[in-house]
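Peer 1: could you look at this predicted model? Sequence included:
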Amino acid sequence: MSDEPVVLTETRGHTLIITLNRPKARNAVNGDVANAVEAAMDRLEEDDDLWIGVITGNGKVFCAGADLKVVSSGAGNIMTQRGDFAGFVRRERRKPVIAALNGDALAGGCEIAIACDLIVGAAGARMGLPEAKRSLLAAAGGLVRLPRLIGEKMAMEIALTADPFTVERMYDLGLVNRVVPLDDVLDTALELADKINANAPLAVRGSRAVVTGTRFLNEEEAWAFTLKEMAPIFGSEDFQEGPRSFIEKRPPKWKGK
């Protein structure tokens, strides 16, 4: 049995890289993975010097979903109380996370990817919900999130045929942000993270909160939600730094407070 951690973490500036590290098991999620991902998310949320996360996989597959050997044996819980499946798909958070798909993201792997805020995919990699082929439901967010992300008809096709779609097709559907050669996936995700980190972190988190939090609100409720998110930004040091740096013609020095 390997002593290698099932999830690796690495910091690059204000970015936390989270790597699923069970390549021989196609990075399938077991209890150890779920707990380690949740711990990584705790670190991301709690560390003021970390502003964004990137989640990727080691090997040829991003994530094949739940470890069915573990599920069938009842030997471990693939969910956590706060994050649900993989310690992630229902995790409440303020900071954005980018999925860097180094390979196929199927079943629960697809559900991890679409729970992220942005997706960078390796050319030719596939995404899909094959659960119906095994008399299962994609109950970790796939059936809930896909219809609002790509429309009901295409989500229905993916769910009912259980066939995988390439990231190129998912890009056309608006689900994937970038499609790049495999060797460029992580670098592209980190470049995207750097672009986001160049902006005021409180404004980034507030913007994310409004986009995700107003999905099911009417217009009046959405306006009120937006104003609520604006209030703490108005009182922040970064709110003063933004115009000051512009007037002084220099890059802003964000503090995240």
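Peer 2: Yep, that arrived.
Peer 1: lowest confidence element among the helices and strands of this structure?
Peer 2: The helix or strand of the chain with the poorest confidence is helix 68-73; it has a mean of 74 (mean pLDDT, DSSP states H and E).
Peer 1: which of the residues in it are buried?
Peer 2: Buried residues in helix 68-73, counted by 16 or more other CB atoms under 10 Å: 70-71. All C-beta spots, glycine's among them, are computed from the backbone N, C-alpha and C.
Peer 1: let's see it as PDB, backbone CA atoms only.
Peer 2: Coordinates of each C-alpha in helix 68-73 appear next as PDB, following Å, rounded to 0.1, in the frame of the first residue of the first chain:
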ATOM      1  CA  LEU A  68     -17.100   1.700  -7.000                       C
ATOM      2  CA  LYS A  69     -15.000  -0.900  -5.100                       C
ATOM      3  CA  VAL A  70     -15.400   1.200  -2.000                       C
ATOM      4  CA  VAL A  71     -19.000   1.900  -2.600                       C
ATOM      5  CA  SER A  72     -19.900  -1.800  -3.200                       C
ATOM      6  CA  SER A  73     -18.000  -2.900  -0.100                       C
END
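Peer 1: distance between that helix and the chain's centre?
Peer 2: Put simply, helix 68-73 sits 25 Å off its chain's centre (CA atoms, centre = their mean, to the nearest Å).
Peer 1: kindly report the same for stretch 63-78.
Peer 2: 21 Å.
Peer 1: equivalent analysis for stretch 200-214, please.
Peer 2: Worked out by CA atoms, centre = their mean, stretch 200-214 lies 15 Å from the chain centre.
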